[in-house]
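A.B. asks: Could you work out the structure for the sequence below:
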Amino acid sequence: MSTSSTTSTPTTVSAPVASAGTGGRRGGSLGPVGLVLAGGISVQFGGALAVTLMPRAGALGVVTLRLLVAAIVLLIVCRPRLKGHTRADWGTVVVFGITMGAMNGLFYESVDRIPLGAAVTLEVLGPLALSVIASRRLVNLVWAGLALAGVFLLGGGGFSDLDPVGVAFALGAGAMWAAYIVFSARTGRRFPQADGLALAMAVAALLFLPLGIAESGAKLTDPVTIGLGAGVAILSSVLPYTLELLALRRLPASTFAVMMSLEPAIAATAGFLILDQTLTTTQSAAIALVIGASMGAVRTQVGRRKAVPEI
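C.D. replies: Numbers count the residues shown, from 1 in each chain. Below is the predicted model of the structure:
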């Protein structure tokens with residue numbers, strides 16, 4: 001968690017830009033992008049591990065283990081201060097925790113009913129919608145539109161053959177993902193380092209614990225299940241959420257949301273490299289669209305940052 005040293009900035013989005021030199025702005029503009037990409041790769045490996053765990057613990061059981069282990073790890077590592085925070089700070093962290101719990105629960109209920117690739121493709125529509133709503137520049141609407149076209153191509157152009165309940169869960173997870181982006185940024189500005197994330201994860205774990213116990217019961221105490229759950233927690237929660245929280249301190253929500261469209265592309269690429277799944281021409285074109293949209297959004301933001309000191 002060496003990247004946490006970048007989080008001691010003031011609680012304004014422009015602080016990292018204003019405090020850096022000319023060379024530092026270049027590194028600062030690329031740093032958040034690397035954090036987001038690293039988080040996305042970690043999530044895909046964690047998702048693959050979670051699929052193997054579901055038959056042992058159920059969807060809600062997996063979510064419970066993931067959130068509980070992640071909360072314990074983050075609380076131990078971060079040792080967040082409980083004093084000195086305002087009521088607004090606590091309100092933000094509680095809503096962030098509720099959002100994380102709902103996002104995880106809805107997504108795992110979805111992948112329990114429809115294929116993982118389709119679920120991720122549907123879920124990413126939430127961040128894409130956020131990018132359109134939050135954007136104040138017309139060019140960002142173009143990037144979001146390209147990414148949206150890629151997402152639908154990656155999904156085969158339609159989802160009519162899927163379980164409608166699974167589709168509904170995936171879309172709900174997408175809505176929570178959009179809310180997660182907003183409250184992750186707000187939490188990062190209100191709490192130092194990853195303190196807010198640790199506290200929010202504890203909130204999410206406490207909320208989900210009764211649901212996991214009700215569904216899985218004693219299965220959650222099996223050593224193998226606990227070990228796999230710990231792996232899922234590290235790969236799918238601790239690493240990506242921390243990296244994304246740090247990235248959102250230096251990357252606007254609209255740009256971050258478009259970059260989230262890389263998730264289906266990363267999943268498809270991982271399937272090709274690890275599972276020997278062949279990509280069709282349509283899927284390759286979809287990945288190209290999504291990556292192009294993400295690169296365009298990042299370049300647009302870099303241009304905005306270069307112009308800031310001259311205003």
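
A.B. asks: Which parts of the protein are helices?
C.D. replies: For the chain, the helices defined by DSSP state H cover 15-19, 22-78, 87-111, 116-123, 125-134, 138-154, 164-190, 195-216, 223-233, 239-248, 253-259, 262-274, 281-307.

A.B. asks: out of the ones you listed, deepest packed?
C.D. replies: Greatest average neighbour count among the helices of the chain goes to helix 253-259 (a mean of 27), per mean count of other Cβ atoms under 10 Å. Where C-beta positions appear, they are placed from N, C-alpha and C, glycine not excepted.

A.B. asks: Met100 and Ala198 touch, don't they?
C.D. replies: No: applying Cβ atoms under 8 Å as the test, Met100 and Ala198 come out as separate, 11.7 Å apart.

A.B. asks: Test my guess that Gly105 contacts Phe208.
C.D. replies: Yes: the pair Gly105 and Phe208 qualifies as a contact (Cβ under 8 Å) at a distance of 6.6 Å.

A.B. asks: Find the residues that touch each one of those two.
C.D. replies: Both Gly105 and Phe208 are in contact with 60, 63, where contact means Cβ atoms under 8 Å, 6 or more residues apart in numbering.

A.B. asks: Please determine how far the closest residue to Leu220 other than its chain neighbours is located from Val165.
C.D. replies: Excluding the flanking residues, the one nearest Leu220 by Cβ to Cβ, 6 or more residues apart in numbering is Gly61, at 5.8 Å. To Val165, Gly61 is 19 Å away according to Cβ to Cβ, to the nearest Å.

A.B. asks: for Ile98, same thing?
C.D. replies: Taken as Cβ to Cβ, the span from Ile98 to Val165 is 22 Å.

A.B. asks: now swap in Asp195 and tell me
C.D. replies: 37 Å.

A.B. asks: How about Asn104?
C.D. replies: In terms of Cβ to Cβ, Asn104 sits 17 Å off from Val165.

A.B. asks: any low-confidence regions in the stretch 101-250 of the chain?
C.D. replies: Applying pLDDT under 70 to the stretch 101-250 of the chain flags the ranges 134-136, 154-161.

A.B. asks: redo that, cut-off 90
C.D. replies: Scanning the stretch 101-250 of the chain for pLDDT under 90 picks out the ranges 104, 107-164, 166-167, 177-178, 180-182, 184-197, 208, 212-250.

A.B. asks: So the residue nearest to Leu220 is in contact with Ala214, correct?
C.D. replies: No: between Gly61 and Ala214 there is no contact under Cβ under 8 Å: 9.5 Å.

A.B. asks: residue contacts, Glu109?
C.D. replies: Residues in contact with Glu109, defined by Cβ under 8 Å, 6+ apart, are 59-60, 166, 169.

A.B. asks: Please identify which pair of those residues lies farthest apart.
C.D. replies: Leu60 and Gly166 (15.0 Å; Cβ to Cβ).

A.B. asks: I figured Ala178 was touching Pro127, is that so?
C.D. replies: Yes: the pair Ala178 and Pro127 qualifies as a contact (Cβ under 8 Å) at a distance of 5.7 Å.

A.B. asks: tell me the average confidence for stretch 43-58?
C.D. replies: On average, the pLDDT along stretch 43-58 is 79.

A.B. asks: same deal with stretch 284-303?
C.D. replies: For stretch 284-303, mean pLDDT rounds to 70.

A.B. asks: next one: stretch 84-95
C.D. replies: The model assigns stretch 84-95 a mean pLDDT of 90.

A.B. asks: That one: how far from the chain's middle?
C.D. replies: Centroid separation for stretch 84-95 versus its chain: 21 Å, with Cα atoms, centre = their mean, to the nearest Å.

A.B. asks: what does it contact?
C.D. replies: 183, 186-187, 190-191, 196, 199-200, 203.

A.B. asks: Please identify which of those residues is nearest to Val51.
C.D. replies: Among the contacts of stretch 84-95, and counting by Cβ to Cβ, the member closest to Val51 is Ala200, at 25.4 Å.

A.B. asks: In contact with that closest one: list those residues for me.
C.D. replies: 93-94, 96-97, 100, 187.

A.B. asks: Just the CA trace of stretch 214-227, in PDB.
C.D. replies: Only the C-alpha atoms of stretch 214-227 are listed here, as PDB (Å, rounded to 0.1, in the frame of the first residue of the first chain):
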ATOM      1  CA  ALA A 214     -28.800 -16.800   7.100                       C
ATOM      2  CA  GLU A 215     -27.900 -18.300   3.700                       C
ATOM      3  CA  SER A 216     -24.700 -20.200   4.400                       C
ATOM      4  CA  GLY A 217     -24.600 -20.800   8.200                       C
ATOM      5  CA  ALA A 218     -21.800 -23.100   9.300                       C
ATOM      6  CA  LYS A 219     -20.300 -23.200   5.800                       C
ATOM      7  CA  LEU A 220     -18.700 -19.900   6.500                       C
ATOM      8  CA  THR A 221     -16.500 -21.500   9.200                       C
ATOM      9  CA  ASP A 222     -14.900 -24.100   6.800                       C
ATOM     10  CA  PRO A 223     -11.100 -23.400   6.700                       C
ATOM     11  CA  VAL A 224     -11.000 -23.900   2.900                       C
ATOM     12  CA  THR A 225     -13.900 -21.600   2.400                       C
ATOM     13  CA  ILE A 226     -12.400 -19.000   4.700                       C
ATOM     14  CA  GLY A 227      -9.100 -19.200   2.800                       C
END
